[in-house]
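Novice: sequence below, structure please.
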Amino acid sequence: MPGETDLATMLAALRIERRAEPVTVVHLTEPVALDDGVLAVIQEGEGTTAVVTIAAAERRGWPVAFRAAWLTVAVHSALEAVGLTAALAAALAREDIPCNVLAAYHHDHLLVPLDRADDAIRCLESLRG
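Specialist: Predicted coordinates:
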């Protein structure tokens, strides 16, 4: 199924889903496998960045510097869609809510400070108009 490319259509269908467990972002010097609690891995020149549940980070002794809620943008946007990420980021910026974006095949995912998650959801869902 191809993803949506029309910004107005994507915003009208916008739903935000929150993962139950809070997450953190960790920097590792060695690669890590996707396993229990490791949700996303990105290999960078400086090392490995992983998004993991806070519980998994604590079990492994990894530092928890950023406590975040993982919000899924539940609209199937096409990889070549223009404007959705910008619209979401601009709305959050107006409310002074930091956001880190991960793009995946079917959805975009936003990491927002745990204590601002409800504010972020309200802000983003208000874009439906």
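
Novice: hey, what's the residue nearest the centre of the chain bridged with?
Specialist: Nearest to the mean C-alpha position of the chain, by Cα atoms, centre = their mean, lies Leu110 at 2.2 Å. On the basis of DSSP bridges, Leu110 takes part in beta bridges with Leu71, Val101.

Novice: that one reaches Ala120, doesn't it?
Specialist: Yes: contact criterion Cβ atoms under 8 Å: Leu110 and Ala120 qualify, at 7.2 Å. Just so you know, the C-beta spots here come from the backbone N, C-alpha and C atoms, and that holds for glycine as well.

Novice: mind listing the shared neighbours of these two?
Specialist: Contact with both Leu110 and Ala120 is made by residues Leu71, Leu92, Cys99, according to Cβ atoms under 8 Å, 6 or more residues apart in numbering.

Novice: out of those, which is most surrounded?
Specialist: The most crowded member of the shared contacts of Leu110 and Ala120, judged by other Cβ atoms under 10 Å, is Leu71 (21 neighbours).

Novice: how close does that residue sit to Asp35?
Specialist: According to Cβ to Cβ, to the nearest Å, Leu71 stands 23 Å off from Asp35.

Novice: quick one: low-confidence ranges for this structure?
Specialist: Across the chain, the ranges flagged by pLDDT under 70 are 1.

Novice: so in it, which helix runs the longest?
Specialist: helix 84-94 (DSSP state H).

Novice: list the buried residues of it.
Specialist: Applying a neighbour-count criterion of 16 or more other Cβ atoms under 10 Å, the buried positions in helix 84-94 are Leu84, Thr85, Leu88, Ala91, Leu92.

Novice: got it, and stretch 28-39?
Specialist: For stretch 28-39, burial by neighbour count (16+ other Cβ under 10 Å) applies to Val32, Gly37, Val38, Leu39.
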